[in-house]
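**Student:** how does the following fold in three dimensions:
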Amino acid sequence: MVKHLSFGLAIAAILAWAVAPANAAIIALYDFEAGGGGNTFDDSDAGLFSVDTEPNTLATRLASTTVDGGGANNIFNGAHSGSDSGPPVSNWGNGGLTEANANVVSFTVTPNPGFSVTYDSLSAFHGSYNGTGKFKMTYAIGAGADVEALPATAHTVGQPTPLTKVTEDFVDFTTSEPVTWKIHIFEANDNNTGHRIDDITINGTVSAATGPLTHNIAAARRARIRDNGRNTVEVNGNAFVGDSSNNADNRMLYFFDLSSITGGPLSTVQGDGTLSVQISSQQASPDIGDFFDLHVVDDNNVGWTVPGSDPTWNHLSKSGGTLWKDSTGADLTTTDTNVQTPGTLNGGLGAPGDGYAMLLDTVNQAGYAGGQTISWTIPAAVLQDMIDGVNAGFLIRTRDEGNFGRLQLAANSAQLSFVTDEAPSAIPEPLTMLAVGLSIGGLGGYVRKRTR
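**Tutor:** Sure thing, here's the model as predicted:
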């Protein structure tokens with residue numbers, strides 16, 4: 001008996017390793033039941049949001065710049081029935097004349113970090129109030145090209161004819177990247193009421209990703225500090241101007257939200273990352289004396305914000321009266337904020353060597369021009385600490401040794417890029433598990449023999 005039990009345990013161990021968790025799910029569902037009215041794809045209309053309950057993906061609201069309710073019609077219409085959810089259904093006008101110039105309604109599905117989706121099928125109900133019309137659906141993975149998922153399909157004509165359900169079992173594909181889905185409408189002979197759609201559904205399976213995951217994250221918070229403006233702060237400023245011959249010390253703060261990666265199955269950084277910002281314009285010719293220095297902000301300054309009542313550099317911190325800290329946690333020295341001193345930062349912040357930030361990388365501005373991108377290297381250890389420990393953000397500081405040439409950065413273009421993967425697993429390799437199982441089986445036989 002023990003022998004059989006041991007063999008069963010060995011097989012169970014192997015199966016536990018072999019079966020990866022995956023959940024069949026409705027990835028996106030637009031049933032229009034909460035539609036509040038209106039003739040446009042308004043951002044705030046609850047009826048345009050997906051009602052799926054999949055926790056590990058996010059489906060955006062339906063969006064369109066070319067489709068409306070048709071004439072003065074409401075996008076949400078109760079005249080048709082026959083769908084799974086029943087009325088209201090969506091009423092779309094302004095269908096393109098041909099498939100090539102079809103008008104489009106779109107939405108994007110993004111898996112949570114550490115997860116991937118295997119898409120396998122879709123369905124929708126469709127019809128027309130008056131006349132004919134067609135629609136089709138496509139998808140694009142990341143920045144890739146559109147792929148047809150549902151071929152052009154003609155509407156059922158006439159009201160109150162029930163809508164017709166169409167289901168498409170397309171070729172499965174798996175990705176951890178965002179996928180943009182598009183509903184193309186065209187060939188409606190009545191542009192006011194030519195397309196009625198309901199219960200747009202995307203089906204698939206969500207599972208923990210098993211390979212490297214690339215992150216491209218936009219800045220969640222930023223602030224520009226201008227030395228030549230007595231250290232005034234521009235919250236989320238859209239332009240970061242380099243120095244101009246007076247040894248000014250302009251700086252830019254960035255915070256990237258990495259909280260969704262923390263504790264995930266793919267949260268171990270693989271290799272160095274980059275911080276990239278686009279150059280919006282160039283003045284004169286930056287030379288070998290012009291630099292952009294990238295620093296990581298010291299952990300003692302985590303949670304910096306910009307208090308509206310006191311927009312000075314030394315109070316750019318967790319609360320209005322809190323000063324910036326050095327690496328020991330002590331307040332940085334405060335000076336008269338009304339005195340402008342070239343080459344320093346008024347309000348107490350001098351050189352980064354004072355301890356509020358640590359230099360990571362330097363880029364010489366010479367040779368760069370408008371339209372190009374500047375990138376700094378972020379060591380893997382720094383990124384890992386920001387994911388697992390304290391994330392206080394980055395600071396870019398400009399340095400000019402007297403030359404007037406400078407670059408202007410589009411501060412809202414900043415992107416942090418890096419790759420994560422699974423940490424080394426403590427789970428034994430499959431052959432090891434097999435050996436352990438067989439060993440248990442042998443031990444069981446030995447115990448049985450000894451007890452006879």
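**Student:** now do whatever helix or strand V105 lives in: which elements does it pack against?
**Tutor:** Element membership of V105, judged by DSSP states H and E, is strand 103-111. If contacts are counted by 3 or more CB pairs under 8 Å, 6 or more residues apart in numbering; DSSP states H and E, strand 103-111 sits against strand 22-30, strand 57-59, strand 179-186. For glycine as for every other residue, the C-beta is placed from the backbone atoms N, C-alpha and C.
**Student:** run through the stretch 151-300 of the chain and note the low-pLDDT ranges.
**Tutor:** By pLDDT under 70, the weakly predicted segments of the stretch 151-300 of the chain are 156-161, 189-193, 225-249.
**Student:** hmm, 90 instead?
**Tutor:** For the stretch 151-300 of the chain, the stretches with pLDDT under 90 are 153-164, 176-177, 185-198, 207-216, 218-253, 259-267, 278-293, 295, 297-300.
**Student:** hang on, the earlier thing: including mean neighbour count and distance to G38, could the helices and strands packed on strand 103-111 go into CSV?
**Tutor:** Shown next, in CSV, are those (neighbours: other CB atoms under 10 Å; distance: least, CB to CB, whole Å):
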stretch, mean neighbour count, distance to G38
strand 22-30, 19, 16
strand 57-59, 20, 21
strand 179-186, 23, 18
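**Student:** before we move on, back to that, now do the buried residues in the strand holding V105.
**Tutor:** The neighbour-count check on strand 103-111 (16 or more other CB atoms under 10 Å) flags 103-111 as buried.
**Student:** ok, of these, which one's closest to S176?
**Tutor:** Each of the buried residues of strand 103-111 was scored against S176 by CB to CB, and P111 proved nearest at 5.4 Å.
**Student:** which residues of the stretch 151-300 of the chain fall in strands?
**Tutor:** Remark: strands assigned in the stretch 151-300 of the chain by DSSP state E, counting those that start in this stretch are 164-168, 173-175, 179-186, 195-208, 213-218, 221-226, 232-235, 240-241, 251-255, 268-269, 273-283, 290-297.
**Student:** same list, those, but as CSV with distance to A381 please.
**Tutor:** Output for the strands of the stretch 151-300 of the chain, formatted as CSV (distance: least, CB to CB, whole Å):
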stretch, distance to A381
strand 164-168, 47
strand 173-175, 29
strand 179-186, 33
strand 195-208, 25
strand 213-218, 16
strand 221-226, 23
strand 232-235, 30
strand 240-241, 27
strand 251-255, 19
strand 268-269, 8
strand 273-283, 11
strand 290-297, 10
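**Student:** closest one to G93 among the ones you listed?
**Tutor:** Nearest of these to G93, taken as CB to CB: strand 195-208 at 7.3 Å.
**Student:** other SSEs contacting that closest one?
**Tutor:** Using 3+ CB pairs under 8 Å, 6+ apart: strand 195-208 touches strand 22-30, strand 89-92, strand 115-127, strand 179-186.
**Student:** just give the closest residue to G114, not the sequence neighbours.
**Tutor:** G264 (3.6 Å; CB to CB, 6 or more residues apart in numbering).
**Student:** now do the contacts for the one you found.
**Tutor:** Residues in contact with G264, defined by CB atoms under 8 Å, 6 or more residues apart in numbering, are 112-114, 420.
**Student:** between these, which has the most around it?
**Tutor:** T420 (27 neighbours; other CB atoms under 10 Å).
**Student:** so that residue is in which element?
**Tutor:** strand 415-421.
**Student:** now do that strand and strand 251-255, the angle between them.
**Tutor:** Angle, strand 415-421 to strand 251-255, by axes from the mean of the first three to the mean of the last three CA atoms, to 10 degrees: 40 degrees.
**Student:** and the angle from strand 415-421 to strand 273-283?
**Tutor:** 160 degrees.
**Student:** and the helices and strands packed on strand 195-208: which comes nearest G211?
**Tutor:** Nearest of the helices and strands packed on strand 195-208 to G211, taken as CB to CB: strand 115-127 at 8.5 Å.
**Student:** now do that closest one: which elements does it pack against?
**Tutor:** Secondary elements touching strand 115-127 (3+ CB pairs under 8 Å, 6+ apart): strand 22-30, strand 134-141, strand 147-154, strand 164-168, strand 173-175, strand 179-186, strand 195-208.
**Student:** can I get those in a markdown table with distance to D385?
**Tutor:** As requested, these are exported to a markdown table (distance: least, CB to CB, whole Å):
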| stretch | distance to D385 |
| --- | --- |
| strand 22-30 | 32 |
| strand 134-141 | 32 |
| strand 147-154 | 40 |
| strand 164-168 | 46 |
| strand 173-175 | 29 |
| strand 179-186 | 32 |
| strand 195-208 | 24 |
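**Student:** parallel or antiparallel, list what pairs with the helix or strand hosting R397.
**Tutor:** Element membership for R397, per DSSP H and E: strand 394-400. Within its sheet, strand 394-400 is paired with strand 251-255 (antiparallel), strand 290-297 (antiparallel), according to DSSP bridges.
**Student:** and of those strands, who's closest to L359?
**Tutor:** Taking these one by one with CB to CB, strand 290-297 is closest: 5.4 Å.
**Student:** report the buried residues of that closest one.
**Tutor:** 290-297.
**Student:** how about stretch 277-287: buried residues?
**Tutor:** 277-280, 282, 286-287.
**Student:** now, the most widely separated pair of those?
**Tutor:** Farthest-apart pair in the buried residues of stretch 277-287 is Q278 and D287; separation 21.1 Å (CB to CB).
**Student:** mind checking what secondary structure L323 has?
**Tutor:** At L323 the chain is in coil, as set by DSSP: H, G, I helix; E, B strand; the rest coil.
**Student:** quick one: contacts for the closest residue to S85 other than its chain neighbours?
**Tutor:** Closest residue in space to S85, ignoring its immediate chain neighbours: D31 at 4.0 Å, by CB to CB, 6+ apart. Residues counted as contacts of D31 (CB under 8 Å, 6+ apart) are 51, 83-85, 198-199.
**Student:** right, I'll leave it there.
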